[in-house]
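Q: With the input below, show me the fold.
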Amino acid sequence: MGHLDHATFGWLTPVLSYVMACIGAALGLRCTVRALGSTGRSRRNWLLTAASALGTGIWTMHFVAMLGFGVSGTDIRYDVPLTILSLLVAVVVVSAGVFAVGYSRDRNRALLVGGLTTGLGVASMHYLGMAAVRLHGAVHYDPMLVGLSVLIAVVAATAALWAALNIRSPVAVTVASLVMGAAVSSMHYTGMFAVSVHVTPSGSPLPGATAMQFIFPLAVGLGSYLFLTSAFVALSPTAGEREASASAQRPVTGAAR
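A: Sure thing, here's the model as predicted:
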């Protein structure tokens, strides 16, 4: 049985992964709030931005945490196509949940369906990412902990969509983002604690790419996307600000002659 280390770099990867989850959650919530206050193409664009932010934030959280994952007695590689597929799954299923909430007239039903769909999608992303791991040995899972991790994912996704519908103020969004980041991180590490590895020593090369060759550059790229998009959203005027600006620029009628 190989010894599993979930933090080979100490607290760096758990803390950084939590930060990425919080940024993705905050950006997704802010964009969804903007979407619900918009109509037409503007609403669609804000929802797309929200979905991409939440999806990439969750994926980046997972694989930044995986940078600290190690197993004694074996190297670790990652299957590139499966890893990319896990990213696509994260974005697509989050998009489904966000759009369900953004366009449905029955918000309660959309919340339940969207939360379940998104939660299962997030769990699928996690376990697809784990399926991409290549090592000398066999990976096993504790079914109870796997089930708990899926439940946490569904609850976290439902809470995220509820927050998008009900939270408006920046302070409330910040608090909700911190809670959501903790929930997503809890889901990840619950799933990781379900893992056990039976190592089979071998001198043969492993297929796939190392974390530093593939995961790290991709995580840095997606993290940069989140930071740049956050700056864009922060500088973009809200609907209320645009309306106030337009009102200020209208010529005053009925002025004294």
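Q: From now on I want contacts and neighbour counts done on CA atoms only, so please keep to that.
A: Fine.
Q: which sections of the stretch 1-150 of the chain are below the confidence cut-off?
A: Residues of the stretch 1-150 of the chain that meet the criterion pLDDT under 70 lie in 1.
Q: all strands of it, in order?
A: 4-5, 70-71, 76-78, 133-135, 137-141 (DSSP state E, counting those that start in this stretch).
Q: between those, which gets nearest to S38?
A: strand 76-78 (41.1 Å; Cα to Cα).
Q: Now do that closest one: everything it contacts.
A: 70, 132-135, 206-211 (Cα atoms under 8 Å, 6 or more residues apart in numbering).
Q: Turn the strands of the stretch 1-150 of the chain into TSV, columns for distance to V150 and mean neighbour count.
A: As requested, the strands of the stretch 1-150 of the chain are exported to TSV (distance: least, Cα to Cα, whole Å; neighbours: other Cα atoms under 10 Å):
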stretch	distance to V150	mean neighbour count
strand 4-5	21	15
strand 70-71	23	19
strand 76-78	23	21
strand 133-135	19	22
strand 137-141	13	14
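Q: Pull the contacting residues for Y18.
A: Counting by Cα under 8 Å, 6+ apart, Y18 has contacts 61, 181-182, 185.
Q: Among these, list the two that are farthest apart in space.
A: Pairwise across those, and taking Cα to Cα, the largest span is found between M61 and A182, at 10.8 Å.
Q: And for the closest residue to T190 other than its chain neighbours, the neighbour number?
A: Nearest non-adjacent residue to T190, counting by Cα to Cα, 6 or more residues apart in numbering: S149, 5.5 Å away. Residues within reach of S149, counting by other Cα atoms under 10 Å, total 25.
Q: give the contact list for S149.
A: 123, 186-188, 190-191.
Q: Please repeat the previous calculation with a cut-off of 7 Å.
A: If a contact means Cα atoms under 7 Å, 6 or more residues apart in numbering, then S149 has 187, 190-191 as its contacts.
Q: got the phi/psi numbers for the closest residue to A7 other than its chain neighbours?
A: Spatial nearest neighbour of A7, chain neighbours left out: G68 (4.5 Å); criterion: Cα to Cα, 6+ apart. When read as degrees, to the nearest 10, the backbone of G68 gives phi -90, psi 10.
Q: residues near G68, how many?
A: By other Cα under 10 Å, 18 other residues sit near G68.
Q: sorry, back to before: just give me the closest of the contacts of S149 to L128.
A: Of all the contacts of S149, G191 has the smallest distance to L128: 11.9 Å, by Cα to Cα.
Q: List the contacts of stretch 210-220.
A: 60, 63-64, 67, 76-78.
Q: how about those, which pair is most distant?
A: T60 and I76 (18.4 Å).
Q: now the helices: where do they sit in the stretch 1-150 of the chain?
A: 12-36, 40-66, 80-103, 107-131, 143-166 (DSSP state H, counting those that start in this stretch).
Q: Pull out the buried positions in the longest one.
A: The neighbour-count check on helix 40-66 (16 or more other Cα atoms under 10 Å) flags 43-66 as buried.
Q: For the stretch 151-257 of the chain, give me the ranges with low pLDDT.
A: Using pLDDT under 70, the stretch 151-257 of the chain drops low at 235, 237-257.
Q: just to revisit the earlier point, out of the helices of the stretch 1-150 of the chain, flag the one nearest V175.
A: Across the helices of the stretch 1-150 of the chain, closest to V175 is helix 12-36 (Cα to Cα), at 9.0 Å.
Q: how many degrees apart are the closest one and helix 40-66 in direction?
A: 170 degrees (axes from the mean of the first three to the mean of the last three Cα atoms, to 10 degrees).
Q: any idea of the angle helix 12-36 forms with helix 80-103?
A: Using the same axes, to 10 degrees: helix 12-36 against helix 80-103 is 40 degrees.
Q: For whichever helix or strand A231 is part of, what is the distance to the chain centroid?
A: Secondary structure from DSSP states H and E places A231 in helix 216-235. Relative to its parent chain, helix 216-235 has a centroid offset of 13 Å by Cα atoms, centre = their mean, to the nearest Å.
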